[in-house]
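**Q** Next comes the sequence, and after it the predicted model I'd like to discuss.
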Amino acid sequence: MAETRLQESNKERKKVGISNTLMLFIVLVIMIAFFGITSQIKFGQQFFFSILNIIPMLSNISYIGIIACILTMLLITGEMDFSIGGNIGLTSCLAALLLSKGINGVLVVLICLAVGILMGVFNGFIVTRLGVNSIIATIGTMSIWRGIGYTLSNGESMLAFNPVIDYLGRGTIFKYIPFPIILFIIVIILTYIIMNRSKIGRRIYAIGVNPMASYLSGTNVKGIKFLLFIFCGAAASLGGLILTSLSAVGMPQHGQGLELTVVSAVILGGTALSGGKGQILGTLAGVLILSILYNGLTMLNIMYFYIQIIRGIVLILVVATYEIRQSRALRRV
Amino acid sequence: MTENNIVLKMEKITKQFPGVLALDSVSIDLKKGEVLGILGENGAGKSTLIKILAGNYIKDSGEIFIDGEKFEINNPGEAMASGIRVIYQELNTLNNLTVAENIFIGEQLVKTGLKIVDWKSMVKKSKIILESLNVDLNPKAVMEDLSVSEKQVVEIAKALSKEAKILVMDEPTAALSEDDTKSLFRIICTLKEKGVSIIYISHRLKEIFEITDRVTVLRDGKKVKTLVTAETNTNELVSLMVGRDIKEMYPKREVPITETVMEVKGLIAEGVNNISFNLKRGEILGVFGLLGSGRTSLVKALFGANPIKSGEIFIKGKKVSIKSPRRARDSKIGLVPLDRKMEGLALALGVKENITLANINDLGRGFLINKKTEALKAEKWADSLNIRTPSINTEVNSLSGGNQQKVVLARWLESGSEIIILNEPTRGIDVGAKIEIYKLMQDLCEKGAAIIMISSELPEILSIADRIIVMSKGRFTDQYTKNEATEEKLLSAACL
């Protein structure tokens, strides 16, 4: 019976889905253990687990992670946002420019987030109202945002000092915990609840699985996609602000190529480009793996060139593993 | 018994899937130039048997003989090489290519020496094949300009582009109107005369009687019986197939028809030209039309999926503006769409999620879904609609067609729809499930719902609908009450 076969393979597929995320966390643990041990051997003391290493690493992870979590939701609907890198460049320059005019820090943050939302509105409009494919649309806006960033800053870096901005990236809570990590954790919890417990999360998955059936069931498909583009715009702007704070400069090159890092992390975490499939925890694992890999290899004094190669290999290996496991599960008839 | 006459013999074929014996020692034989019908409910093992013959599945045990010689089929290529061709229910045509390209897809003719594609001889040979089928089709036509039935002809031509001994057709008429079915049957007769043996799988009993010489009935993975078609009748086949005695294929009971719930005046939309009708509580309004008559366009306009250019819709006397499926849902209209898999269900989600899809807002207060509430709602409908599924968390993908259709119906019941539009509600589902769906529709009417049923199956619409409207070219051409309507009247009105 065909039905039974499908049923069995579906069970398999589900099992694979659960253990894919689990597999990532196992890889993560092994990686962390590996870097812990090698750093002990190499330096004669524990450097990898030291506060000196962990804290900056986690701060760096957090702005990528915030964007990745939000982007995961958009990807699950089957859409894409490549403009996040450009958004970061624009936001960074805008923040520095506003600060240089002596505008209040809180206001600068609010203005930047508002502009981020506007950028999201623009993407959402092009994709859902004009019907342009989101990959094309956001490659276009990526270039536009970056260009505006260059225009705002005249192509130069600008110092960005301000108590509020400083705190965003470099402030700590309880002395040790960097503020961006708190933001990241909040975003993880929120997006996790949205995707696993909420009504809109259900709609997001359903849209990704079958947009037509969702639409014909009364779901506002375009509206939800529009909203997620706005979320992505705001998240990228927040990321841009954190990055500006971490580096203390606003420059148009900020976030260059970051869209690919973020998308890699999301895909590594098991989200399907075609939509309908993905987990926030998977994305978290993806972000951690890519960042810790970079951090650990750098610590081991491996040249950046090689790190690039290794990251590429890891991404392909993991995604290939997903595919192989899935097709095996399907073939097991 | 003349063994020479037998082209294909499948003996004691057994196939086990995890947990289920899909085929239990099934034997069939096929004579030269014969049409053998295979009949069975979904899950009876028809598809598995065909897939083993086509080389998509490997049998666990049993033997296959072709022309008396034992034959092992391990992959689709070997099946092709031994002259077995399968035309699946879902057409596999490439719509951007021409007819000739489709016919020779995979094995394009090449010029000797240069090895470049020989377009001329491909077109020429396509023409010969198409002519041998007695159809008038231009080999240079692009597939997307063809009708469903013409695409099917191309699939047949493709199957015949290399010598075919055995042609398997899996529910070939599922998307065809009566006229197209007739021309398909003409083609089958032509093939028979040429000595091609045909295995014909269908849910439609009428077709089995019209076209097959013998019929093998499967049930629950076992062969029940093989009969000579001329010596059997509908009741016998149905009872063999479902294993219980069903006297009425189309149960119809009297349901009181009361006040008007929906009134449509002068509706104009894409593919719909000036349509007016009204619909009463307890009524099943049938809409009959051939492919391309605008029946699906009407559905889309009524449900807000296509914009309405002019005209008015009143629900319970109140004028409503249905600009989107969301508005339609809020106006208590539900839709069971034509294509379950593409338009009806989120296949990779569970039964539960699909039942509550139109009504996510009621799954809890505020922002979150209350999983308990949801499970209760889903269980309730799974029980009352008798949806057969291992659990409400099972992916709908793994359910049979009839149960999938019930899931879509459950969705609209859950959202409290009072007007339910069903577009070909029993397409591609087995007899048992069909009867269940008919009963469900009438249960709903008894509870005060009103139903619009679009159907191209004449016996269905003639026996289930209380009133029938016929559409052609986007207009209503005629209207009949249940007692007035006949096959002839509907068909002639559909061609106006």
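**A** Received, thanks. Residues are numbered from 1 along each chain as shown, chains lettered A, B, ... in the order given.
**Q** got the residue ranges for the strands in chain A?
**A** For chain A, strands defined by DSSP state E occupy the ranges A:158-159, A:172-173, A:177-178, A:249-250.
**Q** Can you give me the pLDDT of the closest residue to B:I369 other than its chain neighbours?
**A** Of all residues not flanking B:I369 in the chain, B:L363 sits nearest, at 4.5 Å (C-beta to C-beta, 6 or more residues apart in numbering or on different chains). C-betas here are computed from N, CA, C, even on glycine. pLDDT recorded at B:L363 is 90.
**Q** Let me see the backbone angles for B:L363.
**A** Note on B:L363: backbone dihedrals following degrees, to the nearest 10 are phi -90, psi 20.
**Q** From B:A348, how far off is it?
**A** Distance of B:L363 to B:A348, computed by C-beta to C-beta, to the nearest Å: 19 Å.
**Q** Up against chain B, what does the stretch 151-300 of chain A have?
**A** Residues of the stretch 151-300 of chain A lying close to chain B by C-beta under 8 Å from any C-beta of the partner chain are A:193, A:197-200, A:202-203, A:205-206, A:209-210, A:212-220, A:276-277.
**Q** Can you name the residues of the stretch 351-496 of chain B that neighbour chain A?
**A** Checking the stretch 351-496 of chain B against chain A by C-beta under 8 Å from any C-beta, the hits are B:353, B:357-358, B:360-361, B:363-364, B:367-369, B:390, B:394-395, B:397-400, B:411, B:415.
**Q** Run through the helices of the stretch 251-400 of chain B in chain order.
**A** B:295-302, B:325-330, B:351-355, B:371-384 (DSSP state H, counting those that start in this stretch).
**Q** average model confidence for the third one?
**A** Helix B:351-355 shows an average pLDDT of 94 in the prediction.
**Q** Near residue 142, how many other residues are there?
**A** No chain specified, so I'll use chain A. 22 (other C-beta atoms under 10 Å in any protein chain shown).
**Q** if you could check chain B rather than the one you did, that'd help
**A** The criterion is other C-beta under 10 Å. On that basis, B:V142 has 14 neighbouring residues.
**Q** quick one, domains of chain B?
**A** B:3-242, B:260-494 (automatic domain parsing).
**Q** Where among the ones you listed is average confidence lowest?
**A** With a mean of 84, domain B:3-242 has the lowest mean pLDDT of the domains of chain B.
**Q** Nearest to A:I41, out of the domains of chain B?
**A** Nearest of these to A:I41, taken as C-beta to C-beta: domain B:260-494 at 46.5 Å.
**Q** and the closest one, how far out from the chain's middle?
**A** Distance of domain B:260-494 from its chain centroid, counting by C-alpha atoms, centre = their mean, to the nearest Å, is 16 Å.
**Q** Quick check: end-to-end length of it?
**A** By C-alpha to C-alpha, to the nearest Å, the extent of domain B:260-494 from end to end equals 26 Å.
**Q** ok, now stretch A:41-54?
**A** 18 Å.
**Q** Please save the CA atoms from stretch B:123-135 in PDB.
**A** What follows is stretch B:123-135, C-alpha atoms only, in PDB (Å, rounded to 0.1, in the frame of the first residue of the first chain):
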ATOM      1  CA  VAL B 123       8.200  15.700 -36.200                       C
ATOM      2  CA  LYS B 124       7.500  13.300 -39.000                       C
ATOM      3  CA  LYS B 125       7.500  10.300 -36.700                       C
ATOM      4  CA  SER B 126       5.300  12.100 -34.200                       C
ATOM      5  CA  LYS B 127       2.800  12.700 -37.000                       C
ATOM      6  CA  ILE B 128       2.800   9.100 -37.900                       C
ATOM      7  CA  ILE B 129       2.200   8.000 -34.300                       C
ATOM      8  CA  LEU B 130      -0.500  10.600 -33.700                       C
ATOM      9  CA  GLU B 131      -2.200   9.600 -37.000                       C
ATOM     10  CA  SER B 132      -2.100   5.900 -36.000                       C
ATOM     11  CA  LEU B 133      -4.100   7.000 -32.900                       C
ATOM     12  CA  ASN B 134      -6.500   8.800 -35.200                       C
ATOM     13  CA  VAL B 135      -6.000  12.100 -33.500                       C
END
